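> One predicted model, sequence on top.
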Amino acid sequence: MTDHALQTARPTEPWRQRLIRTLLYGRNVDRSAKARARVGLAMIAFAAVFTIIAGRLVMFAVVGDSHGTRRTAAQDAIATARPDIVDRNGAILATDVKTPSLFGEPRRIIDKDEAIELLTATLPDLDAGEVRDRLSSKKGFVWLKREITPQQQKDIYRLGIPGIGFLRENKRVYPTGAEVSHLIGLVNVDNQGIAGIEKWLDSNGLADLHRAGFATDRQQEPVQLSVDLRVEHALRDELMKAKDKFHAKAASGIVSDVHTGEVVAMVSLPDFDPNNPREANDPDRINRLTTGVYEMGSTFKAFTLAMALDSGKATLNSMWDARGPLHYGKFKIHDDHPLGRFISTKEVFTYSSNVGAARIALAQGVEAHKAFLGKMGQLVRLRTELPESASPLVPRRWGELNTVTISFGHGIAVAPLQAVMGINALANGGYLIPPTFLKRSEKEAMAVAKRVIRSDTSEKMRFLMRLNAEVGTARKADVKGYYIGGKTGTAEKVINGRYAKKRVLNSFTAILPADNPRYQLLIMLDEPQALPETHGFITSGWNAVPTGGKVIERIAPLLGITPRFDLPPSDRLILATSKDSR
């Protein structure tokens with residue numbers, strides 16, 4: 001058979017195949033070229049398949065679970081992350097942990113009655129009516145219960161209810177419980193600060209960061225406070241004992257660094273556990289040291305004497321008429337322990353003479369008195385990191401009678417932390433330093449400090465405070481080896497517009513050591529009761545002062561203050577280099 005016959009005998013290729021072959025391979029292409037093209041096409045097909053698979057894997061990795069769209073719907077509601085809060089030594093005071101929260105998708109729930117019955121049986125504290133209202137809404141996402149336990153999550157998961165799911169949220173926990181509650185504050189269910197340092201964090205950028213979508217699941221740098229948890233514990237423990245012992249309505253205390261203004265410890269009893277936010281709603285659990293304002297009693301005599309000494313119009317040995325009560329109009333100012341004679345400036349302080357303090361203030365004049373207290377930061381609202389603060393109660397019209405009563409701590413009410421700031425200035429060489437709850441160096445403190453009295457006036461005030469611990473009303477707090485100085489205060493409380501003699505607010509402020517102060521301690525007891533051992537007395541020297549002594553005994557070693565024994569008396573140790581010790 002000829003070649004032509006063979007060609008005509010072959011079956012004719014359909015025109016569609018010829019078209020595809022021509023488009024793929026062109027005309028007159030050999031078999032090897034065809035094979036390579038087929039292998040290339042197969043590789044492209046496999047690559048496409050694997051690209052699709054990889055894309056799906058990436059999507060699952062980003063979403064993290066099957067609730068990706070639900071996370072987007074609930075993004076604004078999910079509790080965001082907060083930085084750890086630590087004390088000055090790094091001990092954790094507040095941190096975040098991950099906890100599951102229960103949500104529902106009303107549109108996906110098949111049988112709402114069954115879902116409600118099963119959920120309320122598993123979580124008895126759920127309100128059936130509230131759950132029904134939420135699951136009956138037209139929303140795509142509703143919270144059913146925030147912050148459930150892992151076991152509760154497992155129990156609900158086993159129920160297999162369609163449209164019911166879980167999201168992991170950040171929950172704020174406070175490992176130290178009530179130890180630093182008034183300082184730390186607390187957060188709400190969305191992890192937003194509502195009091196204390198927690199609220200300060202939100203108002204200083206954290207809330208803006210969260211609103212911008214940052215830091216939702218990422219921890220920031222810890223916030224380091226000035227408080228020392230060890231000192232805080234010792235102070236709180238002794239205050240709780242004193243509150244119980246003297247049947248006091250409340251007890252509070254502060255330890256402050258006189259050179260930096262740092263608050264090393266702050267306790268106000270009764271306090272609360274921030275892990276149980278409901279306790280914070282009790283109106284009796286306020287922070288009495290910043291949100292309360294009180295007449296501080298004889299503690300204010302320190303300001304009165306400092307004013308006179310700093311003006312140069314009085315010396316330590318100036319004499320003041322205390323032979324009898326001071327009559328001013330229909331009012332009569334008297335001393336609790338009248339001496340019936342002229343007394344020196346030193347005796348005004350050590351015997352806590354109201355008459356002597358009033359005469360000293362009158363000698364300075366109303367305007368000078370008002371100006372000095374203003375300079376000491378006692379007449380305006382004190383601002384710190386804590387949002388909770390109160391304005392002092394100051395006379396609208398300040399006359400001579402106001403100067404008389406304010407000279408010994410009546411007629412003006414300030415926040416106790418405000419008074420601490422002023423006493424720090426009397427002890428640290430004369431610098432008024434704004435208090436802070438954040439860790440601060442002396443260099444940083446001096447950048448915001450303001451000189452308010454001369455250094456030699458500060459030296460004389462340290463002498464007077466030490467003398468008061470040697471022979472005056474602060475003797476019961478003179479812990480051997482720590483050379484403390486102090487001033488007592490007993491303020492009668494105003495009840496129904498009149499001073500009540502049996503209801504007092506007692507205070508005791510101490511500096512340690514008095515010759516070169518590093519710290520100030522303030523102790524306050526609200527309405528302490530008389531005991532047999534106090535011989536019926538309720539004044540500060542019988543309750544607040546010994547409480548202060550016990551606190552000093554415990555905290556001085558923690559603060560690194562080395563005991564020193566056989567020290568000379570205050571006039572030889574503190575005033576030895578004074579230009580004017582008269």
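Structure's in. What do you need? Numbers count the residues shown, from 1 in each chain.
> what's the closest non-adjacent residue to residue 159?
In space, and not counting its chain neighbours, residue 159 is closest to residue 118: 5.0 Å by Cβ to Cβ, 6 or more residues apart in numbering. In short, each C-beta sits where N, CA and C put it, glycine included.
> can I assume the one you found sits in a helix?
Yes - counting by DSSP: H, G, I helix; E, B strand; the rest coil, residue 118 is found in a helix.
> count of neighbours near it?
Residue 118 has 17 neighbours, counted by other Cβ atoms under 10 Å.
> what does residue 315 give?
Neighbourhood size, residue 315 [other Cβ under 10 Å]: 16.
> mind checking the backbone torsions on it?
Taking degrees, to the nearest 10, you get phi -120, psi 180 for the backbone angles of residue 315.
> quick one on the thing from earlier: any idea how far the residue nearest to residue 159 lies from residue 126?
Relative to residue 126, residue 118 is positioned 11 Å away (Cβ to Cβ, to the nearest Å).
> Quick check: bridge partners of residue 414?
Here residue 414 sits in beta bridges with residue 294, going by DSSP bridges.
> Looking at the chain, which strand is longest?
For the chain, the longest strand by residue count, based on DSSP state E, is strand 498-512.
> Mind giving me the packing neighbours of that strand?
Here strand 498-512 touches helix 416-427, helix 455-471, strand 485-495, strand 519-526, helix 544-558, going by 3 or more Cβ pairs under 8 Å, 6 or more residues apart in numbering; DSSP states H and E.
> of all the ones you listed, which lies closest to residue 198?
Closest to residue 198 of the helices and strands packed on strand 498-512 is helix 416-427 (Cβ to Cβ; 18.6 Å).
> Need the distance between the two termini of stretch 356-371.
End-to-end distance for stretch 356-371: 20 Å, by Cα to Cα, to the nearest Å.
> Can you mark which positions in that stretch are buried?
In terms of neighbour count (16 or more other Cβ atoms under 10 Å), stretch 356-371 has its buried residues at 356-364, 366, 368-370.
> Where does pLDDT dip in this structure?
Along the chain, segments meeting pLDDT under 70 span 1-13, 15-37, 54-80, 205-220, 576-582.
> tell me the centre residue of it?
Nearest to the mean C-alpha position of the chain, counting by Cα atoms, centre = their mean, stands residue 183 at 2.5 Å.
> Sticking with that one, tell me its helix or strand.
Element membership for residue 183, per DSSP states H and E: helix 181-184.
> now residue 292: how far from residue 518?
For residue 292 relative to residue 518 (Cβ to Cβ), the value is 27 Å.
> ok, these two, which is more surrounded?
Neighbours around residue 292 and residue 518, counted as other Cβ under 10 Å, are more numerous at residue 292. The numbers are 21 against 17.
> that older thread, going C-terminal from the helix holding residue 183, what's the next secondary structure element?
strand 186-187.
> in the helix or strand that that following strand is followed by, what's buried?
Per DSSP H and E, the first helix or strand lying C-terminal to strand 186-187 is strand 193-195. Buried residues in strand 193-195, defined by neighbour count with 16+ other Cβ under 10 Å: 193, 195.
> What of stretch 186-199?
Using 16+ other Cβ under 10 Å as the test for burial, stretch 186-199 gives 186-187, 191-193, 195-199.
> Look up phi and psi at residue 451.
When read as degrees, to the nearest 10, the backbone of residue 451 gives phi -70, psi 130.
> my bad, should have said residue 244
phi -70, psi -40.
> gap between it and residue 557?
Remark: distance between residue 244 and residue 557 (Cβ to Cβ) = 25 Å.
> that older thread, make sure the residue nearest to residue 159 is actually in contact with residue 161.
Yes - proximity of residue 118 to residue 161 meets the contact threshold set by Cβ atoms under 8 Å, at 6.2 Å.
> Can you give me the distance of residue 107 to residue 136?
11 Å.
> Give me the buried positions along the helix or strand harbouring residue 95.
Residue 95 belongs to strand 92-104 when assigned by DSSP H and E. Across strand 92-104, burial judged by 16+ other Cβ under 10 Å covers 93-96, 99-104.
> Kindly report the same for stretch 243-263.
Neighbour-count burial for stretch 243-263, counted by 16+ other Cβ under 10 Å, picks out 243, 245-246, 248-263.
> that older thread, please narrow the buried residues of stretch 356-371 to those residing in strands.
Per DSSP E, the buried residues of stretch 356-371 never map to strands.
> Pull the most distant pair out of these.
For the buried residues of stretch 356-371, the farthest-apart pair by Cβ to Cβ is 356 and 370; their separation is 20.0 Å.
> Nearest spatial neighbour of residue 195, chain-adjacent residues omitted?
In space, residue 195 is closest to residue 185, 3.6 Å off (Cβ to Cβ, 6+ apart).
> Distance-wise, check residue 380 relative to residue 186.
Residue 380 is 28 Å from residue 186, by Cβ to Cβ.
> er, residue 243 actually
23 Å.
> now do residue 41
Taking Cβ to Cβ, one finds residue 41 at 66 Å from residue 186.
> Kindly report the same for residue 303.
Separation of residue 303 from residue 186 (Cβ to Cβ): 35 Å.
> hey, where'd the strands end up in the stretch 251-400 of the chain?
Assigned by DSSP state E, counting those that start in this stretch, the stretch 251-400 of the chain shows strands spanning 263-269, 319-322, 326-328, 331-333, 341-344.
> same deal with the stretch 101-250 of the chain?
Under DSSP E, counting those that start in this stretch, the stretch 101-250 of the chain gives strands at 142-145, 164-173, 186-187, 193-195, 223-224, 250-257.
> Residue 279 - how many residues pack around it?
Neighbours of residue 279 (other Cβ under 10 Å): 16.
> show me what contacts it?
Residue 279 makes contact with 272-273, 285, according to Cβ atoms under 8 Å, 6 or more residues apart in numbering.
> cool, residue 546 as well?
476-477.
> change it to 6 Å
Counting by Cβ atoms under 6 Å, 6 or more residues apart in numbering, residue 546 touches residue 476.
> Can you tell me how far it is from residue 252?
Residue 546 sits 16 Å away from residue 252, taking Cβ to Cβ as the criterion.
> need the contact list for residue 373.
residue 379.
> Quick check: it vs residue 314, distance?
If you measure residue 373 against residue 314 using Cβ to Cβ, the figure is 17 Å.
> try residue 324
For residue 324, the distance to residue 314 equals 21 Å [Cβ to Cβ].
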